[in-house]
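# next one to model:
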Amino acid sequence: MNWPMQDAPMGPKDVHSTTLSREEDAACIALRKYTLLPLDVLPL
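I've put the predicted structure just below:
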């Protein structure tokens, strides 16, 4: 049997920038310094 199916496309539906602005970067650094948590623990 031959099944005419295709895989669903992967990845985000809305493509956007993955870089942080200066303000977002400063907020992340301040949060890490305040909580003393590593970056991979924070839900960003």
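
# any low-confidence regions in the protein?
1-3, 39, 42-44 (pLDDT under 70).

# rerun that using 80 as the cut-off
1-5, 9, 11-12, 14-18, 37-44 (pLDDT under 80).

# start from the N-terminal end of it and give the helices.
Counting by DSSP state H, the chain forms helices over residues 22-35, given from the N-terminal end onward.

# and for C28, the neighbour number?
As a burial measure, the neighbour count of C28 was computed by other CB atoms under 10 Å and equals 14. From N, CA and C alone the C-beta is placed, and that goes for glycine too.

# check A27 too.
Around A27 sit 13 other residues, with neighbours defined as other CB under 10 Å.

# ok, it to D14 distance?
22 Å (CB to CB, to the nearest Å).

# residues making contact with stretch 10-19?
Counting by CB atoms under 8 Å, 6 or more residues apart in numbering, stretch 10-19 has no neighbours from elsewhere in the structure.

# measure that stretch end to end?
The first residue of stretch 10-19 is 21 Å away from its last residue (CA to CA, to the nearest Å).

# roughly how far out does it sit from the chain middle?
Average the C-alpha atoms of stretch 10-19, do the same for its chain, and the two points are 9 Å apart (CA atoms, centre = their mean, to the nearest Å).

# for stretch 25-36, same thing?
Relative to its chain's centre, stretch 25-36 lies at 17 Å (CA atoms, centre = their mean).
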